[in-house]
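In: what's the 3D shape of this:
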Amino acid sequence: MPSKQGARLFWRLSNLRHPNADLEQNVKDHLLNHAIQVLLPYEVMDRDLQDELDIQLVTLLPPDEGYQVIRASLADILAQVLNTAIILQEGASLQAVSLAERLESNHSAAITPDGVLHMAVSSEVYARLGITGARSPSNKDRYNLSLDLKAKSLQPGQERYAQVLAKVRSCIAPQAYLARLEVNGQLQDIGLPREAITPSYGTEAWMPLHSEGRTQPGLLLPPLSRATFQRLGVGMEPGAPAPQPAGPQEPAPGGAPAPQPSIPQGPASGGAPAVPPGALQGPATGGAPALPPGTLQGPAPGGAPQGDAAAAGGQAAGRPQVRSSSAAPRSAQQEWELRRAITGLHTWLGALACGLGHTTCNDMLPDEVMPPQSDDAPLRTPEEEERRILGTMVSRMWKGMLTQRQVQDVMAAASHLAASGRVPWAAVQVWGFADTPVAWRGLEHGAAWGGAGESGYTVVLMREGDYCIFRPLGPNEAPA
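Out: Next up is the predicted model:
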């Protein structure tokens, strides 16, 4: 049943080494990724540091051929995928999304990395396809269908294989698709036959990821850390490792380094992360978190990447469902400050992602996340205050079609930078496509239509492996 609270902002504070760490699972649950942006703050004007961070950002995602843009029949794409059995190979990952049609037009299709075909079609097309689906919770004339392409009944030679391809060919008109196929991390051509790609019928091209960097000076930079949230009355979940003093780790018995499976321990030679790509955390449990995650209620607007991240969830309402390490309950004033801090921080990060000016961004930053000033401390002059708190943000965005592996690599590299102390913290923002038929875990996309919330999320990576994740939720979605 849809939530009576409407759209909400889910957030959670945890640690990469916590048994219930959910960051890696979060990356897997977000099925299709259109863009990713990394924000790195620094407080002291240091040209060498800025140049180093610029180089780090450029090399976070190694350049490759990107993704394919194919105009062809969906039936031809499915036939090639099923005939080659490419998605049954170990280490293979295929994703594709229709480009020409809007979701509101009731004709949208996508193949997700878990090997499932998702389609959103009109009631007329649904009746002709003969494939079982479900009526959209947001549009009475739209049906959502899904087919597991790994099922034995869809393998060549099976009766259902021929039936599905024939129905899809007759009901779904050729259109443009973005597609990316990886096998063991190597990009491969889908390999459509020549008869499927002709000047009069279809086209095929490779597109690289679009990359753009930005430097934003004159910003108020909050010192985000576990202590910042503890000051707001939010404690870390039981079981998280305690903060460790900076310095080398003690060797384990026998002279071997102490094992650290989930968080980078410092830069390797040459400045490269001393962690395998995508290594974000240890094994996550399959059950629910030991403590309820935080949930703030408020409108979470939908839209394309230009606007998704800018929305914080509006005015918060209701009480955040988190537990504090303090035995004393929070007062009404502390609850209000917590809601203001969380939604305000999410708004501020979204404004930075959209490239708004420093004055606008500074006005959006809530006071609750800034360092408190002692009543006994002498008042600073405006010039002293500005020098004390103003800093610079360097960022880079990649846009096109990204795999979950690429998102994991970026998360691991950003976590390494925060853990190494070169930056006080790092933020990673991920956006999906505006018009895919699915978003989180196969649920319908779009908070505005009662679906699965916005197709995007934000992660703040802090020192010692701490992180805070933000996700707008739709009324039909409950946090996992």
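
In: In contact with the residue nearest the centre of the chain, which residues are there?
Out: The centre of the chain sits closest to V430, judged by Cα atoms, centre = their mean, with a distance of 3.6 Å. By Cβ atoms under 8 Å, 6 or more residues apart in numbering, V430 lies in contact with V27, H30, N33, A35, I36, V407, G456, Y457, T458, V459. Every C-beta, even on glycine, is put in place using the N, C-alpha and C of the backbone.

In: let's go with 6 Å and repeat that
Out: Each residue near V430 by Cβ atoms under 6 Å, 6 or more residues apart in numbering is listed here: N33, I36, G456, Y457.

In: what does S211 give?
Out: Contacts of S211 by Cβ under 6 Å, 6+ apart are W398.

In: mind running it again at 10 Å?
Out: L57, V58, L60, L61, P63, R396, M397, W398, K399, G400 (Cβ atoms under 10 Å, 6 or more residues apart in numbering).

In: Restricted to helices, list the residues you listed.
Out: With DSSP state H as the criterion, helices contain L57, V58 from among the contacts of S211.

In: now the helices for the protein?
Out: 23-29, 47-58, 74-84, 123-129, 159-171, 226-231, 305-308, 332-353, 358-364, 382-389, 404-420.

In: And the third one, what does it pack against?
Out: Right, the one you point to is helix 74-84. strand 67-72, strand 92-98, strand 107-112, strand 116-122, helix 159-171, strand 175-183 (3 or more Cβ pairs under 10 Å, 6 or more residues apart in numbering; DSSP states H and E).

In: Same question for the fourth one.
Out: The contact analysis (3+ Cβ pairs under 10 Å, 6+ apart) places helix 123-129 against strand 116-122, strand 133-135, strand 142-148, helix 159-171.

In: And for the first one?
Out: Contacts of helix 23-29 with other secondary structure elements, assessed using 3+ Cβ pairs under 10 Å, 6+ apart, are made with strand 8-15, helix 404-420, strand 426-431, strand 456-461, strand 466-473.

In: which stretch among these comes nearest L53?
Out: helix 404-420 (8.0 Å; Cβ to Cβ).

In: ok, and for that closest one, which residues are buried?
Out: Neighbour-count burial for helix 404-420, counted by 16 or more other Cβ atoms under 10 Å, picks out 404, 406-420.

In: Could you figure out how far that helix is turned away from helix 47-58?
Out: Between helix 404-420 and helix 47-58, the angle comes out at 160 degrees (axes from the mean of the first three to the mean of the last three Cα atoms, to 10 degrees).

In: Using CSV, write out every CA atom in helix 404-420.
Out: This file holds the C-alpha atoms of helix 404-420, laid out as CSV (Å, rounded to 0.1, in the frame of the first residue of the first chain):
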residue,chain,number,x,y,z
GLN,A,404,27.4,-0.5,-11.3
ARG,A,405,31.1,-1.6,-11.3
GLN,A,406,32.1,1.9,-12.4
VAL,A,407,30.0,3.4,-9.6
GLN,A,408,31.6,1.1,-7.0
ASP,A,409,35.1,2.1,-8.3
VAL,A,410,34.3,5.8,-7.9
MET,A,411,32.9,5.2,-4.4
ALA,A,412,36.0,3.3,-3.3
ALA,A,413,38.4,5.9,-4.7
ALA,A,414,36.5,8.7,-3.0
SER,A,415,36.4,6.8,0.2
HIS,A,416,40.2,6.4,0.0
LEU,A,417,40.7,10.2,-0.5
ALA,A,418,38.6,10.9,2.6
ALA,A,419,40.4,8.2,4.6
SER,A,420,43.8,9.4,3.6
